[in-house]
Each structure stands twice: as structure tokens, then as C-alpha cells.
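# sequence and predicted model, in that order:
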Amino acid sequence: CRLSPAKPQIHEGDPCELKLAVRNRLPLPVWGLAVEGFLDREIESGGQPSNPEAEQASIVASAPTVALAFVRGLAISTYRFSIQPELRGHYPDGDAVLTCSFPFGIWTAKRKLREVSPVTVWPRVFPIPGETAMTGRRTADIGEGNRSGRTGDFIGVREYRHGDCLRQVNWIATARSGDLVVTERSGPQCSAFEVTVDAGGTSNRDQLADRIRVAASLLANLHQSGIPLRVNVGQQSFHVRRGWDGYVQMMDALADVTADGAKDQLPPNPCRERASVIVSSDQRGDIAVCVSDPAVNTRLRDGHSHRVIRRDRGLANQLQSFWIEVRDANRVA
């Protein structure tokens, strides 16, 4: 048997096609061939599920990745099926095992599946419109110069995009064209934007999973805005590369966080010299995002703001209005 995915990386909840090629050297067909251990995880049986949804999830997780009802004899058969992983990580996280109980189901034969291609499941990314205007207290000595901002020199005008600030609207150009037009300005090339993700484990895996998803959404938004980033995830610390390679670098680092999280994780502290974002959890298990911008007031060395994202209210809806400029978009419309 040979098992290979159509894509080497996918996000949580996205469909992924797997291809299973089986060669049967016997002249007789085979029934009940199954592959276990590729996507299915072992569930700890320390306690009973607190709700029916958790009980259903445990039943689904214990099922094999794929099971074939019939395999023809003296032939090479190829089967294609779609999966939707619900938890980040690198699969298989152990040994993928080929099992078969044919013909009578009294004894199950098992063998390690040798030809298997791994797949990396990235955390789910929710779209965040708009972009941040934070630059930090210091400007970088290296870089490509000015980036798109709101406080620099005049560059030109463009069509209004959801999330643009009210102060950017060029009302004269808007009156001429009949559509909303905003003024495009430059911004200083800031030093590396510090993003710290608390990868400490909790008693509830879902709390850590939602925290990683919020961090992935913020990192994708900042990386798309062309802001230089320095990311700290658990024990990892790296500068994000540009383009698609940088996106893969960030998502792979978040996928490396185990389902139970890192042990002995120290609480992160906000950076005083550069703009920083810290993604952690509060006492109730909700996601707490600490945003620190030293450039707002040079006298406030410890000045920062907190934003709590409730897990019971939907992450996607709350991230839609994460930046202040997007919250004022209805007034512009």
C-alpha cells in the first residue's frame, strides 16, 4: 500500500484529498482492509465526556483513517477520498498501521505502512480586514524604506477598502468620482514587530487550539501588510521571511505546538522599545491579546491595551473588527 496526500500543507477544516494505492498479489479479493494511525489520534480514557459533542468527537477520533470494503485480486487499485483534519499538527504523528481481519474477523493482522507521505495541518486562519498603524519607538536601519501607512508623505489615491480610516477619505476625489476614494500615504520602516504566542498547555485542549488560531490570524494579517515580524512561539524565536516562504515559516511553527502545549512556559512580557502583540489566555480560558505601541506616548513605557476575545461568541466575528479602523468602517460607509 502507498498513501499520499494531494497537498503537503492544509489548514484545519479544509478538505484534503488522499490517494491510497493497493497492490493485491493474491488471486482472491480482500475485504476489510483499513489504515489506522494516520489522522486518528488516541484519546485518553481518564474520564467520561462532559457533553454529547465530546463523546461523538471521541468516537470519530478512534475510527480508522480509511477502510476499504473490497480490493480486487491480482491488480493495483487506486482509491481517492477526502478528509478534513480538525486539529493542527504533523500527520502521521506516529506509525501508520495497515490492518485486516479477512476472512473471518477472528484475528486482526497488522503491519506498519512503509510508503506514506506526511501532511502538515496548519491552524485555521480567520480573515482580519484592515491593518495596524503601529510602528514602535525606533525605526529600522535596514529595509526597503517606507511602507504603506497613514502618517508619511503623500503617495496617491486609491479606491476605498474595508478597514480604511475615516481620516483617509479624500472627499474632493470622492465627489468627482462618485465612489469612496482614500489618500494613500507612506509610513516609516519600523523595526521588527514582536509577536509572542503563549504556547503553554492547559487542561482543555480546545482553549489552546483557539489561542493558536487567533495567533495565526493575526500573524497572517501582519505578514500580508508587509510589516517585518519577529515571532516567539514557545521555545522558538525567528525573523519571518518575506512572501510565501515567510507564511509557511509561521504556520509550521504554530503547527509544531503539540495538542497539550509546552510545559513550564513562562508568561511573556510586552516589549518596551518596539511594537508588540502578545497572545495568551486569561483565567476563564478566553483569548487575551495584549497590544503594546510605545510610539503612542513616549512617557508611558509600560503603556499597553488588552483585548479579550470570547471563545463562546465566535472567533471569526470578533476578529472582523479587531483593528480600530475597521470598527469605524460603518461610519465611513
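Looks like it came in fine. The shown structure was predicted, so the numbers you read here are calculated from the model rather than taken from an experiment.
# going forward, measure contacts and count neighbours with C-alpha atoms only.
Noted.
# contacting residues for P8?
118-120 (CA atoms under 8 Å, 6 or more residues apart in numbering).
# in this structure, where's the longest helix?
helix 205-224 (DSSP state H).
# quick check: buried residues in that helix?
207-223 (16 or more other CA atoms under 10 Å).
# okay, and for the stretch 51-200 of the chain, where does confidence drop off?
For the stretch 51-200 of the chain, the stretches with pLDDT under 70 are 51-62, 133-153, 163, 186-191.
# tell me where it has helices.
52-61, 171-177 (DSSP state H, counting those that start in this stretch).
# quick one, helices of the stretch 201-333 of the chain?
205-224, 243-255, 315-320, 324-327, 329-332.
# quick check, distance from the first one to the centre of its chain.
When C-alpha coordinates are averaged (CA atoms, centre = their mean, to the nearest Å), helix 205-224 and its chain have centres 5 Å apart.
# same deal with stretch 158-172?
With CA atoms, centre = their mean, you get 30 Å for stretch 158-172.
# close enough to count as contact, V195 and N232?
Yes. The criterion here is CA atoms under 8 Å, and V195 meets it with N232 at 6.2 Å.
# who's more crowded, these two?
Set V195 next to N232 and count neighbours by other CA atoms under 10 Å: V195 wins out with 24 against 20.
# ok, that one - contacts?
Contacts of V195 by CA under 8 Å, 6+ apart are 219, 229-232, 276-279.
# what's the mean pLDDT across stretch 322-330?
In this model, stretch 322-330 has a mean pLDDT of 62.
# any idea of the pLDDT on the nearest residue to S117 once chain neighbours are set aside?
Nearest non-adjacent residue to S117, counting by CA to CA, 6 or more residues apart in numbering: S4, 4.8 Å away. S4 carries a pLDDT value of 93.
# and S4, how many neighbours?
For S4, the count of nearby residues is 17 (other CA under 10 Å).
# same thing with the one 5 residues further on?
The burial metric for Q9, expressed as a neighbour count using other CA under 10 Å, is 17.
# and for F193?
If you count neighbours by other CA under 10 Å, F193 ends up with 21.
# report the contact partners of the residue nearest to it when sequence neighbours are not counted.
Distances taken as CA to CA, 6+ apart place L229 nearest to F193, at 4.6 Å, with adjacent residues excluded. L229 makes contacts with 192-195, 222-223, 239-240, as judged by CA under 8 Å, 6+ apart.
# how about a cut-off of 7 Å?
Residues near L229 by CA atoms under 7 Å, 6 or more residues apart in numbering: 192-194, 239-240.
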